[in-house]
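1. Sequence and predicted structure are below.
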Amino acid sequence: MSLTHAFNLDLDNGLRKPGDLVAGIVDVDEARASELNIDEIRVELLADVKTQIRLGTGDAAIQSDDRKSLMTAGTFILWKRDNTATEQIRATTHKSYPFTFTLPNNNLPPSFHIQSGEVAASVRYYIRVTGSGKGRDAGDIRINRPFPFLPYDDNPFVDELRAVEHRMIKTVRIPDLESLPLFTKIPVVIVLRGVSKILSSSSALNSSRFTFPIPPTSPKYLELRLFAVCTTVAQAKALTFRSEVSLMGGLGKLDMNIPFEGSPKEVAVDIEPPEWIAEAETNANGRWSQLVTFRTDILFRGTPTFKTSLVKLDYELDLKVVFPGIGNDLKTTICLPPISSGLHRSQLSDDNQSLDLPPAYWEVIDEVDYPKTNLATDGKQ
């Protein structure tokens, strides 16, 4: 029990889905509650979207904040002070009060938090416990405890993505689906073909004349970076920005500044021998060509794509292929299809389905005189 508060909240932070129960226990120290002039303690299940856009710097900065409630599942009064009880009874009374809420089955957005420079946005689900009293000059005492939430996936369940027909987006092949699910290995094929400049027919029997651009054959010379593309609205102001999430598919080199997903050992590389392609018109000249194919898996664990009136989230992949020389690298951006939760009502729960959320989502604040929210500075409730 906190030395400051007269009550404490016990709530597990497991993943919840539509229709799930949110159950916990509030422990009350009645003596401390009386000492702090608390008359009643109540509990609520809340969810909201918050956004903030800050343009400019210093005193000239203009900050816009917005907030929209997603739901209120009612309020339970757990405890009321018994003014007839003696001090001796209160001093020895600690009580535990269980509570249970049921999440609605309607279409709610997933848990989310992002912050990048002048923009911040969050979708947060949380339990709030409030202690209030008419004799409290300092205001209410509040405990907020967040938990992660994902909606169900309305897309058809696909058991084996490798068997699904793929489609080519630039140099990358991915499963041809309306959406890509979380918590599922998604096969990705990167096809690289290097074609030399026009050479004389005397080079046709000597593949060593093919020196550039020879495709790389090691995963460390490719990078596949996942970016979140977030459009945020606050008080009619809108701003879209990209935020780097992780290196994907075991490609590239370890970067201490960004999560690295996958393993280079799991990347399969198919290297075809160089092929001479004669020019159709003269047949006297031609080019050397070589095809290298990388096969890997990517796994999404972050917030799936969604859209509300204040926040829209999409994802992109940036592919970089390193070639020798300055300015010779191949760079391209692949716009991904929607990312869905991958959770279906017919499936049993999986303990490995843990949503990857930034630390700011989980920050807990126990409040006296509930402060005005400032997402850009602390990301707390």
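-> Noted; the coordinates are in hand.
2. Pull the number of nearby residues for Asp82.
-> Asp82: 12 surrounding residues under other CB atoms under 10 Å. (Each C-beta comes from the backbone N, C-alpha and C, glycine too.)
3. Also Pro338?
-> Pro338, neighbours per other CB under 10 Å, totals 16.
4. now swap in Asp27 and tell me
-> Neighbour number of Asp27 under other CB under 10 Å is 16.
5. For the residue lying closest to it once chain neighbours are set aside, what is the enclosing helix or strand?
-> Counting by CB to CB, 6 or more residues apart in numbering, Asp27 lies nearest to Asn8, which is 4.7 Å off, once chain neighbours are set aside. Using DSSP states H and E, Asn8 falls within strand 7-10.
6. Pull out the buried positions in that strand.
-> Using 16 or more other CB atoms under 10 Å as the test for burial, strand 7-10 gives 7-9.
7. is it true that Val164 touches Asp176?
-> Yes. With contact taken as CB atoms under 8 Å, Val164 and Asp176 are classed as touching, separated by 6.5 Å.
8. Now stretch 257-265: average pLDDT?
-> For stretch 257-265, mean pLDDT is 91.
9. what's the longest strand in this structure?
-> strand 62-80 (DSSP state E).
10. what's the strand holding Asn8 packed up against?
-> strand 21-29, strand 119-132, strand 141-147 (3 or more CB pairs under 8 Å, 6 or more residues apart in numbering; DSSP states H and E).
11. So which of the ones you listed is nearest Ala60?
-> Set against Ala60 and scored by CB to CB, the helices and strands packed on strand 7-10 come closest in strand 119-132, at 17.6 Å.
12. The strand holding Asn8: partners in the sheet, and parallel or antiparallel?
-> Here strand 7-10 is paired, per DSSP bridges, with strand 21-29 (antiparallel).
13. How far away from the center of its chain is the partner strand?
-> Distance of strand 21-29 from its chain centroid, counting by CA atoms, centre = their mean, to the nearest Å, is 28 Å.
14. If you count neighbours, what's buried in that strand?
-> By neighbour count with 16+ other CB under 10 Å, strand 21-29 contains the buried residues 22, 24, 26-29.
15. Same check on stretch 330-348?
-> 330, 334, 336-343.
16. what does stretch 9-19 give?
-> 9, 11, 15-18.
17. Please state the offset of it from the chain centre?
-> With CA atoms, centre = their mean as the basis, the mean position of stretch 9-19 lies at 18 Å from the chain mean.
18. same deal with stretch 59-67?
-> 25 Å.
19. Export only the CA atoms of it, formatted as PDB.
-> Extracted as PDB, the C-alpha positions of stretch 59-67 are listed here (Å, rounded to 0.1, in the frame of the first residue of the first chain):
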ATOM      1  CA  ASP A  59       7.700  31.800 -27.000                       C
ATOM      2  CA  ALA A  60       6.500  31.900 -30.600                       C
ATOM      3  CA  ALA A  61       5.400  28.200 -30.600                       C
ATOM      4  CA  ILE A  62       1.800  27.500 -31.200                       C
ATOM      5  CA  GLN A  63       0.400  24.300 -29.600                       C
ATOM      6  CA  SER A  64      -2.900  22.700 -30.400                       C
ATOM      7  CA  ASP A  65      -4.300  19.900 -28.300                       C
ATOM      8  CA  ASP A  66      -7.300  17.700 -29.000                       C
ATOM      9  CA  ARG A  67      -9.000  14.800 -27.200                       C
END
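20. Contacts for it, please.
-> Stretch 59-67 is contacted by residues 48-56, 233-235, 237, 310, 373, 375-376 when judged by CB atoms under 8 Å, 6 or more residues apart in numbering.
21. try 10 Å
-> 48-56, 118, 120-122, 232-237, 239, 309-311, 372-376 (CB atoms under 10 Å, 6 or more residues apart in numbering).
22. Quick check on the residues you listed: which are buried?
-> Using 16+ other CB under 10 Å, the buried members of the contacts of stretch 59-67 are 48-54, 118, 120-122, 232-234, 239, 310-311, 373, 375-376.
23. How about Trp288: what's its closest non-neighbour residue?
-> Nearest one to Trp288, counting by CB to CB, 6+ apart, is Phe210 at 3.4 Å.
24. same check, this time on Phe306
-> Closest residue to Phe306 apart from its sequence neighbours, by CB to CB, 6+ apart: Pro109 at 4.4 Å.
25. three-state assignment of that neighbour?
-> coil (DSSP: H, G, I helix; E, B strand; the rest coil).
26. That one is in contact with Phe149, isn't it?
-> Yes. Under the criterion of CB atoms under 10 Å, Pro109 makes contact with Phe149 at 8.5 Å.
27. More neighbours: the two, which one.
-> Higher neighbour count among Pro109 and Phe149: Phe149, with 25 against 22, using other CB under 10 Å.
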